[in-house]
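Asker: need a 3D model of the sequence below.
(one chain, ligands or ions: 2)
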Amino acid sequence: MSANGEKLLEVQGLKTCFHTQDGVVKAVNGVSFDVRRGEALAVVGESGCGKSVTALSILNLIPDPPGKIEEGAVLFEGRNLLDLGDKEIRQVRGNNIGMIFQDPMTSLNPVFTIGSQIREPIQVHLGLPRKEAKQRAIELLEMVEIPQAEKRYKMYPHEFSGGMRQRAMIAMALSCEPMLLIADEPSTALDVTIQAQIMELIARLQHEINLAVMLITHDLGVVAGVAETVLVMYAGKVVEYAEIDRIYYNSRHPYAWSLMRSVPRLDEKREQLLTIGGLPPSLINLPPGCSFSPRCPFAEEICTQEEPPLVEVEPGHLSACHFAMDFESHGQGVED
Ligand SMILES: Nc1ncnc2c1ncn2[C@@H]1O[C@H](COP(=O)(O)OP(=O)(O)O)[C@@H](O)[C@H]1O
Ligand SMILES: [Mg+2]
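Answerer: Ligands and ions are numbered 1, 2, ... in the order given. Okay, the predicted model is just below:
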């Protein structure tokens with residue numbers, strides 16, 4: 001797509017299920033996408049659509065049981081991560097792919113200083129002596145714009161604000177110079193201003209150190225200015241995949257289109273923001289046909305009977321809607 005680099009990560013036909021007492025949860029149901037070197041991809045969709053399970057599957061972190069990666073491949077620099085042994089995948093997680101989560105408190109250890117938690121993986125993975133690793137850790141804190149880095153190095157997680165903790169997490173994820181950063185709702189728990197700052201930081205790092213980013217969020221509003229490409233997920237599947245401008249201005253899927261119209265925008269005055277009625281389906285009993293059809297304002301008979309294939313509606317732009325090709329007349333013509 002817009003990024004010029006070669007493919008770094010290739011997710012192919014990924015299927016991950018959870019075997020629960022209530023039945024089989026089809027959390028990720030045939031998902032494919034690429035991330036190129038230095039590219040920022042946003043994975044967007046409502047809560048429960050399979051975004052985190054996709055990220056965890058990539059890193060082979062699905063708890064088994066109850067979870068299982070049933071099908072697919074995750075190629076990282078051409079190597080299938082799903083075939084790696086424990087030791088090898090740990091190396092990839094330590095050296096090649098950094099990951100940050102929504103709530104830094106679950107990943108930061110409250111009894112150790114922030115500095116030591118950044119320094120130690122540097123010592124282990126990069127083999128640097130303690131003193132140099134400390135220097136590197138302080139540089140990383142500066143890189144993520146933590147003021148007075150040397151002083152903060154000695155502080156504990158509870159002495160940091162939410163935004164600062166998330167910056168520290170990013171520093172930790174970058175400590176081993178990964179090529180890919182997977183950020184799962186990195187700003188969701190933060191207030192709007194801090195959220196924007198974290199997004200700016202991620203965008204800056206992406207450009208400065210040519211970092212590939214997979215940014216997971218339920219909020220399409222936060223990805224503008226960060227992501228080049230957007231993957232929209234619904235009920236465990238990809239429903240639309242395109243460059244961000246295509247999603248914003250020429251969406252070809254009613255779900256992505258509704259999501260986009262539910263984002264407040266500065267450049268347009270809307271009397272009312274669109275809200276998407278209804279709830280996502282149960283991933284145990286998916287409706288027949290298109291999973292979005294029960295909520296889709298444009299659904300027709302075929303939508304409740306046949307599952308729409310993911311088709312290329314223009315170069316590099318995929319949509320899984322029976323009316324993707326003539327969405328203009330079918331959907332976007334309808335005024336809200
Ligand atoms: N450990 C688990 N056991 C059973 N179901 C799970 C587990 N983890 C995730 N799921 C289910 O998988 C689906 C996708 O979850 P998730 O990827 O976390 O969604 P989100 O898009 O909000 O990140 C949800 O229905 C969730 O309940
Ligand atoms: Mg999630």
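Asker: need the per-residue pLDDT for the residue of the stretch 151-300 of the chain found nearest ligand 1.
Answerer: With Cβ to the nearest ligand atom, the shortest gap between the stretch 151-300 of the chain and ligand 1 falls at Leu283, namely 4.6 Å. In short, each C-beta sits where N, CA and C put it, glycine included. At Leu283, the predicted lDDT confidence score is 96.
Asker: which residues sit in contact with Ser107?
Answerer: Applying Cβ atoms under 8 Å, 6 or more residues apart in numbering, we find Ser107 in contact with Ile100, Phe101, Met169, Met172.
Asker: go with 6 Å
Answerer: Phe101 (Cβ atoms under 6 Å, 6 or more residues apart in numbering).
Asker: phi, psi for it please.
Answerer: As for Ser107, its main-chain torsions (degrees, to the nearest 10) stand at phi -100, psi -20.
Asker: next: the one 10 residues further on.
Answerer: In terms of degrees, to the nearest 10, the main-chain angles of Gln117 are phi -70, psi -20.
Asker: quick check: it vs Ser175, distance?
Answerer: The gap separating Gln117 from Ser175 is 9 Å, by Cβ to Cβ, to the nearest Å.
Asker: now do Gln123
Answerer: 10 Å.
Asker: do the same with Leu310
Answerer: Taken as Cβ to Cβ, the span from Leu310 to Ser175 is 37 Å.
Asker: more neighbours: these two, which one.
Answerer: Ser175 (24 against 19; other Cβ atoms under 10 Å).
Asker: dump the residue contacts of the more buried one.
Answerer: Counting by Cβ under 6 Å, 6+ apart, Ser175 has contacts Ile118, Pro121, Ile122, Leu140.
Asker: check Ile284 too.
Answerer: Applying Cβ under 6 Å, 6+ apart to Ile284 gives the contacts Asp22, Gly23, Val25.
Asker: which helix or which strand is home to it?
Answerer: Under the criterion DSSP states H and E, no helix or strand holds Ile284.
Asker: find the nearest non-adjacent residue to it, please.
Answerer: Of all residues not flanking Ile284 in the chain, Gly23 sits nearest, at 4.1 Å (Cβ to Cβ, 6 or more residues apart in numbering).
Asker: any idea of the pLDDT on the one you found?
Answerer: 96.
Asker: partners of it in the sheet?
Answerer: Thr20 (DSSP bridges).
Asker: that one: how many residues sit nearby?
Answerer: Gly23: 13 neighbours (other Cβ under 10 Å).
Asker: how about the contacts of Ile284 in TSV, adding distance to ligand 2?
Answerer: Compiled in TSV, those are given as follows (distance: Cβ to the ion, whole Å):
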residue	distance to ligand 2
Asp22	20
Gly23	21
Val25	14
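Asker: of those residues, list those near ligand 1.
Answerer: By Cβ under 6 Å from any ligand atom, the members of the contacts of Ile284 lying near ligand 1 are Val25.
Asker: re the thing from before, which of the contacts of Ser175 scores worst on pLDDT?
Answerer: Among these, Pro121 has the lowest pLDDT, at 89.
Asker: quick one: residues contacting it.
Answerer: Contacts for Pro121 (Cβ under 6 Å, 6+ apart) come out as Ser175.
Asker: please repeat the previous calculation with a cut-off of 10 Å.
Answerer: By Cβ atoms under 10 Å, 6 or more residues apart in numbering, the contact list for Pro121 reads Gly94, Asn95, Gly98, Ala133, Ala137, Met172, Ala173, Ser175, Cys176.
Asker: ok, back up a step: mind listing the shared neighbours of Gln123 and Ser175?
Answerer: When contacts are counted by Cβ under 10 Å, 6+ apart, Gln123 and Ser175 are jointly contacted by Ala133, Arg136, Ala137.
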